[in-house]
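1. Fold the following, please.
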Amino acid sequence: EGLEGDVTMTTELVIRCSYGEAVPWVVQSGRGLSAVAGPDGLCLDTPVTLQGRDHRSVGTFRVARGEQVTFCLGWHASHEHPPSPIDPAAALEETAAFWEQWCDRVRRVHGPWEDAVLRSLITLKALTYAPTGGIVAAATTSLPEDLGGVRNWDYRYCWVRDASLTLDALVEAGCREEAERWMAWLVRAAAGAPDQLQIMYGPAGERRLTEFEVDHLPGYEGSQPVRVGNAASEQFQLDVYGELMDATDRARRHGIAEPPEAWALQRAVMDFVSAHWRDPDDGIWEVRGPRRHFTHSKVMAWVAFDRAVRAVERYGKDGPVDEWRRARDEVHAEVLEHGWSETRGAFTQYYGGDALDASILMLPIVGFLPPDDRRVVSTVEAVERELLADGFVRRYQNDSGVDGLPGQEGAFLPCSFWLADCLALIGRLDDARSLFERLVGLANDLGLLSEEYDHRFERLVGNFPQAFSHVGLVNTARNLAARDSFA
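-> The predicted model follows:
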C-alpha cells in the first residue's frame, strides 16, 4: 500500500514442499502462478508479472501513493482445482471482525493483567484445529530447547496432559464453546482400550505419530536433528490417566455436558490404573532414559482415584467406590513414604533418588497435600534453592542424566507459573506477583511465549508459541487476581 511518494519494489517467492526438499513445477497462470509438487498445489494471485530465476519467482513493480498491490498465496490438494480467488481487503476485514467479536466474548476477570491474558486466550484459540476442537501444543517443530543441540521435538500435536488446566483457562474466561469442543476432542481421542491411551494425539485424534529425522535441513541455528513426529507418543506415562480423570472432573464442575460413553470410558481407565499404578513409567517429561517410579506419576495416579471417588460421591456415578478409596489411600501413603526425603527436606523426582523435579510443585495444586503442610512449604523452598535459573524454574537438573540426553535446556515457563501458584498458596503473595510479572515480561512484542527461556542468551527457546505456557499465564493471573479481590 502506497502511503507517500512513488517506490520501486522487488518481490521474490521461493516455494519448497516436503519440508524443504521438493522443488515444485511452477507455471504462469491467468491469475499469477501455479505450483505443483506431488500432493501439494499452490496458487499465487497477483497482478505483478513474475519470472522464473534459479528456482525462484521474482518480479519488480512500482507503488505510488494511494495504490495497493496484492499477493494472495493459497494451498490446495494438487489433484483438485485451485480455490476461487478472494478479495484480500474483504478477507482482512472479515478476519479482523471475527477476532474483535470473539474478544468481546472473553470475560475480563484477571485484574491488571487483562491484556496479557487476552493475548494468551487468542493464542489458544488460534492453536485450535477448528474441525475437531483439538488444541495443538505449538505450531512448530524442532525449535531447540538447547541452541545448537539435539533437544528438538515436534510439538504440533495435542497433549492429554494439557487438558484439565486448559479447561480451567477457557471456562473461567467465558470461552465455554471452546472448552466444550476441547473436552469432546479429549473423549474421542481417548476412546478405546485403556492400555492404548497415549499422552498425545494428532489434531483429529490421530494415533500414529511416527518420529523421523529430516536430514537435509540444517536446523534452527544449527540445531539438529530436525524431527517430524514424536516417539514419546509411544511411551507409558502413568500421569496421563490422572490428567484424563482430572479433566473430566473439572468438566463436571463447570457443567460441561459429557458424551454418553464418557463414564464407561473412565470406568475402564480406572480398571487399568488399579492394575498398573505400581509400575514404573517414563514420567511427565517424556525422558528417553530408563523407566522409574516417578513421584509426580504416582501423585497423578492418586488424582485418578480421587476424582473417580468424587464422581461417585458428588455426581452420583456408579462404580466400586470402596475399592477406589482404598487404592487412593494406599497410593497416598506410598508417596509419603518413598517420595519424600527427610534428608533433602523435599519430595524427590523419583523413589529412592535425591534429585528434585519441578513437577512436584503440582502436589498442592491438585490437592494431594494442603498448601500449609510443612512438606509442601519445604519442597517449594527447595525448588527455589536448586532449580532456579535467573529466577525461573528448570524442570530438573540436566546433569543428573535422568533424561538420557546430552546438553542443557532453558527454564521451563509452565513450571515457573506453577511456582508462582505455589508461592501464592503458601501465603507469599508478593513473591508470587513478582515472579508472575517477570514471566509476563518475557513475552515478545506480540505478547507470545515459547516453551522455555534461556537466561544465558536472554531469549526464548523451544517451540513457539507454546499453548501450555499461555495456559499457565491465564490460570496464574486468575489465581492472583482472585486472591487480590479476596484480600
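
2. residues contacting residue 76?
-> By Cβ atoms under 8 Å, 6 or more residues apart in numbering, the contact set of residue 76 is 41-43, 82-83. (Glycine included, C-beta is placed from N, CA and C.)

3. Which strands or helices does whichever strand or helix holds residue 473 pack on?
-> Assigned by DSSP states H and E, residue 473 falls within helix 467-486. If contacts are counted by 3 or more Cβ pairs under 8 Å, 6 or more residues apart in numbering; DSSP states H and E, helix 467-486 sits against helix 114-126, helix 163-172, helix 413-425, helix 429-440.

4. any idea of the angle the second one forms with helix 413-425?
-> Orientation of helix 163-172 against helix 413-425 (axes from the mean of the first three to the mean of the last three Cα atoms, to 10 degrees) gives an angle of 70 degrees.

5. now the angle from helix 163-172 to helix 114-126?
-> 120 degrees.

6. what's in contact with helix 163-172?
-> Under the contact criterion Cβ under 8 Å, 6+ apart, helix 163-172 has outside partners 107, 109, 120-121, 124, 135, 176, 178-179, 182-183, 186, 243-244, 246-247, 249-251, 254, 256, 467-468, 471-472, 474-475, 478.

7. Check the first one too.
-> Outside of helix 114-126, the residues within contact range by Cβ under 8 Å, 6+ apart are 99, 102-103, 106, 108, 110, 135, 166, 169-170, 173, 175, 178, 440, 443, 446-449, 465, 467, 470-471, 473-474, 477-478.

8. residues in contact with residue 1?
-> Going by Cβ under 8 Å, 6+ apart, residue 1 touches 63, 67-68.

9. Which of the residues you listed fall in strands?
-> The strands, defined by DSSP state E, take in residue 63 from those.

10. Please identify which of the contacts of residue 1 is nearest to residue 5.
-> Of all the contacts of residue 1, residue 63 has the smallest distance to residue 5: 9.1 Å, by Cβ to Cβ.

11. list the buried ones in the helix holding residue 473?
-> 467-481, 483 (16 or more other Cβ atoms under 10 Å).

12. Show me where the stretch 101-250 of the chain has its strands.
-> Taking DSSP state E, counting those that start in this stretch as the test, the strands found in the stretch 101-250 of the chain are 128-129, 134-135, 158-159, 200-201, 212-213, 227-228.

13. in its sheet, what does the fourth one sit against?
-> According to DSSP bridges, strand 200-201 forms sheet pairs with strand 158-159 (antiparallel).

14. then stretch 138-151 to PDB, C-alphas only?
-> Extracted in PDB, the C-alpha atoms of stretch 138-151 (Å, rounded to 0.1, in the frame of the first residue of the first chain):
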ATOM      1  CA  ALA A 138       2.700 -25.400  19.400                       C
ATOM      2  CA  ALA A 139       2.600 -24.500  15.800                       C
ATOM      3  CA  THR A 140       6.200 -25.600  15.200                       C
ATOM      4  CA  THR A 141       8.600 -28.500  15.200                       C
ATOM      5  CA  SER A 142      12.300 -28.700  16.200                       C
ATOM      6  CA  LEU A 143      12.800 -25.200  17.600                       C
ATOM      7  CA  PRO A 144      15.600 -26.100  20.100                       C
ATOM      8  CA  GLU A 145      15.400 -26.200  23.800                       C
ATOM      9  CA  ASP A 146      19.200 -26.000  23.700                       C
ATOM     10  CA  LEU A 147      20.600 -23.800  20.900                       C
ATOM     11  CA  GLY A 148      22.800 -25.900  18.600                       C
ATOM     12  CA  GLY A 149      21.800 -29.100  20.500                       C
ATOM     13  CA  VAL A 150      19.700 -32.200  19.900                       C
ATOM     14  CA  ARG A 151      16.700 -31.400  22.200                       C
END
